[in-house]
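J.: here's my sequence, what's the structure:
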Amino acid sequence: MKVLLRQDHENLGKRGDVVSVKNGFARNFLFPRGIALEATPSSERVIEEERRTLARRQDKDRKAAEIQAKDLEAVSVTAAVAVGEEDRVFGSVTSQTIADLLQEKGYAIDKRKILLDEPIKALGVYSVPIKIHPEVEVKVRLWVVKE
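T.: Purely as a prediction, here's the structure:
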């Protein structure tokens, strides 16, 4: 049976692809879950309309992310940490800490979008990358200072 995919599927293909699957798989799995439609001219029109609305939504989200990125470029946050002898930092500055500092400045950024390879464990100035959108990344300046 030929089906038209409404969503990306790991083993079948991308949204809008026409693939051939067994009848039972289509009737019992793909159709009830809304993953695919039977490949007819009318279903192709439905998929094309969904593709257009998705493209508009993604474009709107990308533009909003670019605006937020311009605002975030000018932001500088300061993390005051406790230090011991020879300016050794107790603990570390994590992505959660940075998200909290940005929240105080009025920016709601999820900690998973802050791209730290490892927690920061030294005093200094850091440029922390934040992936706001799959196509938009911005760097925020982080100052790690003594408490």
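
J.: helices of the chain, start to end?
T.: Under the criterion DSSP state H, the chain contains helices at 23-25, 31-33, 41-73, 95-104.

J.: quick one: pLDDT of the closest residue to Val77 other than its chain neighbours?
T.: Using C-beta to C-beta, 6 or more residues apart in numbering and skipping the chain neighbours, the partner closest in space to Val77 is Leu101 (4.2 Å). For glycine as for every other residue, the C-beta is placed from the backbone atoms N, C-alpha and C. The model reports Leu101 with a pLDDT of 95.

J.: Leu101 and Thr78 touch, don't they?
T.: Yes. Here Leu101 reaches Thr78: they are 7.5 Å apart, a contact under C-beta atoms under 8 Å.

J.: for these two, list the residues in contact with both.
T.: Leu142 (C-beta atoms under 8 Å, 6 or more residues apart in numbering).

J.: tell me the contacts of the residue nearest to Val77?
T.: 77-79, 142.

J.: ok, 10 Å please
T.: When contacts are counted by C-beta atoms under 10 Å, 6 or more residues apart in numbering, Leu101 touches 75, 77-80, 93, 107, 109, 140, 142.

J.: now it: how far from Leu30?
T.: For Leu101, the distance to Leu30 equals 46 Å [C-beta to C-beta, to the nearest Å].

J.: quick one, domains of this structure?
T.: 2-63, 69-146 (automatic domain parsing).

J.: any idea which of those scores lowest on pLDDT?
T.: When I compare those, domain 2-63 is least confident, with a mean of 90.

J.: Arg141 against Val125, yeah?
T.: Yes. Proximity of Arg141 to Val125 meets the contact threshold set by C-beta atoms under 10 Å, at 6.5 Å.

J.: pull up the overlap in contacts between the two.
T.: By C-beta under 10 Å, 6+ apart, the residues touching both Arg141 and Val125 are 76, 78.

J.: when the two are compared, which one has more neighbours?
T.: Neighbour count, other C-beta atoms under 10 Å: between Arg141 and Val125, Arg141 has more, with 14 against 11.

J.: what bridges to that one?
T.: With DSSP bridges as the criterion, Arg141 is bridged to Ser76, Ser127.

J.: that one and Arg56, how far apart?
T.: 34 Å.

J.: then Leu142?
T.: On the measure of C-beta to C-beta, Leu142 and Arg56 end up 35 Å apart.
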